[in-house]
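Asker: Sequence and computational prediction follow.
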Amino acid sequence: MIVKNWMQANPTLIDGDTLLAEAKRILSEHNLQALPVIEGGRLRGVITRQHCLRAAHFVARTQNADEYAFFANRLKVKDIMVRNPATVNASDTMEECLRRGQELGVGQFPVMDAGQVVGVISSNEILSLAAHFLGAWENRSGVTLGPLELKPGVIGRIADLVEGAGAEVQAIYPISRHGYNGQGDDRMRKVIVRFHAASVGEVVAALEAAGFSILEAVAANNAHS
């Protein structure tokens, strides 16, 4: 999965002299998380919805007319933007993007290609990616197994057991128990299985009979638990 295929392409760009109140309006009206700030054709910073909301909340708490006027008419994006923000490249993988976001504690990145901003990747796009993986719009049933050691053939055995119970496997996702930092024994994984089935109970019974531990089971709207 490459960033350019998931990013928000052709992003709205602003300059540092844009009023913060105007940036807040753009972010809200277009449901955006971040706006790249461009000066002289180059990326100089990024302003996020969180920055704007924090500033607006501060002004609201002061209940001071002069503060309101300053926020509305004088406070500019360049006054509070993140300068020299972290970026990702359009050719990076989404896995690299997610790791970088976790390591830096950043929820949005301008996306660069040949020195130009060509997109933005933010929590909106990450949630969309997660929804596609989990089949949020496909009404799938699912079970979570583990933790277990992923030896050769384990994933195939899980798929065979689920399909042997009358289900149609849609996806299998091994998930590290230890998060992104790589600490601990990474061989031990939880395994999320998504499938279509008339009865989730039959799938659970088949997996448990084979010795797998079921952490949770979720039935689709049209399936029996």
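Answerer: Yep, it's here.
Asker: Tell me which helix or strand comes right after the helix or strand of the chain with the lowest mean pLDDT.
Answerer: Lowest by mean pLDDT, DSSP states H and E among the helices and strands of the chain is helix 65-73, with a mean of 65. Toward the C-terminus, helix 65-73 is succeeded by helix 77-80 as the next helix or strand (DSSP states H and E).
Asker: CA atoms of that following helix as PDB?
Answerer: Once non-C-alpha atoms are left out, helix 77-80 reads as follows in PDB (Å, rounded to 0.1, in the frame of the first residue of the first chain):
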ATOM      1  CA  VAL A  77      -1.300  31.100  10.600                       C
ATOM      2  CA  LYS A  78       2.400  31.700  10.800                       C
ATOM      3  CA  ASP A  79       2.100  32.800  14.400                       C
ATOM      4  CA  ILE A  80       1.200  29.300  15.700                       C
END
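Asker: For stretch 207-224, buried residues please.
Answerer: Using 16 or more other CB atoms under 10 Å as the test for burial, stretch 207-224 gives 207, 212, 217, 219-220, 223. For the C-beta atoms, the positions are set from N, CA and C on the backbone; glycine is no exception.
Asker: What of stretch 153-163?
Answerer: 154, 158, 161-162.
Asker: what's in contact with that stretch?
Answerer: Residues outside stretch 153-163 that contact it (CB atoms under 8 Å, 6 or more residues apart in numbering) are 145, 148, 169, 172, 174, 191, 193, 195, 197, 203, 206-207, 210, 212.
Asker: Highest neighbour count among the residues you listed?
Answerer: Across the contacts of stretch 153-163, neighbour numbers were computed from other CB atoms under 10 Å; residue 203 holds the maximum, 28 neighbours.
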